[in-house]
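Undergrad: Curious how this folds, go ahead:
(chains A and B)
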Amino acid sequence: MKALSITNLTKTYSNGNQALKGINLSVERGDFYALLGPNGAGKTTAIGIVSSLVNKSGGQVEVFGHSIDTELEAAKACIGIVPQEVNLNLWESVGNIVSNQAGYYGLHGKLAKQRVEKYLRALRLWDRREDAARSLSGGMKRRLMIARALVHEPRLLILDEPTAGVDIEIRRSMWAFMQQINEAGTTIILTTHYLEEAESLCRHIAIIDDGTIIEDARMSDVLRKLQREVFMLSLTGELHEAPDLDGFKTQLRGDRELEVEKGPGSDLNDLFVQLNAHNIHVSSLRNKANRLEELFMRLVESKQPGSGE
Amino acid sequence: MNIRLNLVAAKTIIRKEIVRVMRIWVQTIVPPAITMTLYFIIFGNLIGRRIGSMDGFDYMQYIAPGLIMMSVITNSYGNVVSSFFGAKFGRHIEEMLVAPMSYATIIIGHVAGGVLRGLLVGLLVTIIALFFTRLTVAHPLIMISIVLLSSIVFSLAGFINAVFAKKFDDISIVPTFVLTPLTYLGGVFYSISLLPEFWQNVSKANPILYMVNAFRYGILGTSDISISHAYAILFVFIVVLFTGCMYLMRHGIGIRE
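TA: You can find the predicted model right below:
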């Protein structure tokens, strides 16, 4: 049984905007799945339909085998959702927000209290439990939404840009937390604009653009498709002219930084052999752009009108 | 349907509504108490002395049940419309929509919140009324059942208003242009027997007339209309409005894209 199965899902809004044009997705149990796409691609609409916040126009959605058409309540019970926009009752206290959500899922008494404490502590909000949500910082509000989504311990957690606007330290602690939740068996679907986040966390990736899925594969298979990579090399000595290297395009970016584009068929060992031959010594190396970002841009751009594909 | 889950969820919504009413008591409890005190002072005490008696009761006694019912109606309606629309506006309605509780539970939870606030304010207004006049209850069961059913009717109506409302102005249109005129013309301050026959018949098309008079019958034992008609009207309204609420929720009208 799949954690999530979407078949031929379509959505046309009342203003005529066709947000989803028959997408198919299949998420395995226990997977950490990235759903990426540019703004307005249809990610949030798809998530909205799965979590029953948006009415679909056509197609089928099943969550752990429960169809949202015939077993909506059973399907909802399996899902926890962290939406893109803050949708907290800002006048309510942090503790009440999470305990109310527990109540909406039928949890009460000691169990509800234990869960509220467990997730508020896990997301470092326990000390703020009496405070109104409006007094929290942006990052804390995001963490509160995660605690709220987890209080009923869903089998499928959907995170719609959970780390947007969150500082790097908290973002990294949230990544660790998400990995921990996933390792404990929760299937996670993540949408994000931080592609290094998707690359480091997710095992499977789907890219949606203009209401259609343009890529759906394992992360490792997708990254293997990347034919071209650009590296920035920091040099130990000054350089006045970019060297001519066989199989690589080079460009000087300042007197101690060299940009090298690696084409298909060439490897980094070959690059270093040639650099040595030119007596160029490298102190450090980094990718100019995140690999997934590179691929994402290429896939999305190839779908643009006039791209020839 | 998972009955246990829905019971817990309904209890949660009711508790949340009570917390909300108490958190903003200056907006929810105090204004109706002040307004009704002014009604009793101005209409009951100052003007009422010149009016004398109505249907065999002094004017203050006569208007007290109507004023209590008026506060119950407006507060039941106001609670649900502002709470549910506020949840829509702030998008925290999504907390309930993603949860596996039934739509009936969401409606019942909010209606119960409206009824509780309506009854709380009604009780407060009754206590204020007792500072100005003496009230004895002629038919306690009728009084309690009518106030409860009326409160349910207006809580359901408030829910429908909230579903359709798109901005804060939309939640004050119905109370200002429909509810208040119908309440004032619903026999709160006068007996329709004072009106010419034509206007008496027009007044009988106003459902609030039946609620106010049935409630007055429960307290004073006097009414312009048949009590059985009042019950019939209340039950019909409850069934129609609840069905309407369910239809709106199932189709996501006003709450889902």
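Undergrad: C-alpha only now, for contacts and for neighbours.
TA: OK.
Undergrad: Kindly state the pLDDT recorded for residue A:308?
TA: In this model, residue A:308 is scored at 43, pLDDT.
Undergrad: Repeat that for residue B:223.
TA: 91.
Undergrad: Now do the contacts for it.
TA: B:213-214, B:216-217 (C-alpha atoms under 8 Å, 6 or more residues apart in numbering or on different chains).
Undergrad: just those residues that are near chain A?
TA: Among the contacts of residue B:223, no residue is within reach of chain A (C-alpha under 8 Å from any C-alpha of the partner chain).
Undergrad: Take those residues and keep only those in helices.
TA: In helices, judged by DSSP state H, the following of the contacts of residue B:223 are found: B:213-214, B:216-217.
Undergrad: Can you tell me which of those residues is nearest chain A?
TA: residue B:214 (37.2 Å; C-alpha to the nearest C-alpha).
Undergrad: what's in contact with the longest helix seen in chain A?
TA: The longest helix of chain A (DSSP H) is helix A:168-183. Helix A:168-183 is contacted by residues A:30-32, A:139, A:163, A:188, A:197, A:201 when judged by C-alpha under 8 Å, 6+ apart.
Undergrad: Make TSV out of the ones in helices among the contacts of residue B:223 and add pLDDT.
TA: Shown next, in TSV, are those (pLDDT from 0 to 100):
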residue	pLDDT
B:213	95
B:214	96
B:216	95
B:217	96
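Undergrad: Distance to residue B:21 and neighbour count for these - can I get that in a markdown table?
TA: Formatted as a markdown table, those follow (distance: C-alpha to C-alpha, whole Å; neighbours: other C-alpha atoms under 10 Å in any protein chain shown):
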| residue | distance to residue B:21 | neighbour count |
| --- | --- | --- |
| B:213 | 28 | 28 |
| B:214 | 28 | 30 |
| B:216 | 27 | 30 |
| B:217 | 30 | 24 |
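Undergrad: Next, the contact list for residue B:151, please.
TA: Residue B:151 is in contact with B:72-73, B:76-77, B:114-115, B:118-119, counting by C-alpha under 8 Å, 6+ apart.
Undergrad: among those, which are in helices?
TA: Assigned to helices by DSSP H, the following of those qualify: B:72-73, B:76-77, B:114-115, B:118-119.
Undergrad: returning to that earlier point: the longest helix of chain A: what's the following helix or strand?
TA: Per DSSP states H and E, helix A:168-183 leads on to strand A:187-191 as the next helix or strand towards the C-terminus.
Undergrad: Endpoints of stretch B:126-141, how far apart?
TA: The first and last residues of stretch B:126-141 sit 17 Å apart, counting by C-alpha to C-alpha, to the nearest Å.
Undergrad: Can you name the residues of the stretch 51-200 of chain A sitting close to chain B?
TA: Counting by C-alpha under 8 Å from any C-alpha, the stretch 51-200 of chain A comes close to chain B at A:51-55, A:72-77, A:81, A:87-89, A:100-101, A:103-108.
Undergrad: can we see that at 6 Å?
TA: A:51, A:53-54, A:73, A:76-77, A:87-89, A:103-106 (C-alpha under 6 Å from any C-alpha of the partner chain).
Undergrad: can you pick the most crowded of the residues you listed?
TA: Neighbour counts for those, by other C-alpha atoms under 10 Å in any protein chain shown, peak at residue A:104, which reaches 29 neighbours.
Undergrad: Grab the nearest non-local neighbour of that residue.
TA: In space, and not counting its chain neighbours, residue A:104 is closest to residue B:9: 4.4 Å by C-alpha to C-alpha, 6 or more residues apart in numbering or on different chains.
Undergrad: And residue B:142, by the same measure?
TA: Using C-alpha to C-alpha, 6+ apart and skipping residues adjacent in sequence, the residue nearest residue B:142 is residue B:218, 5.1 Å away.
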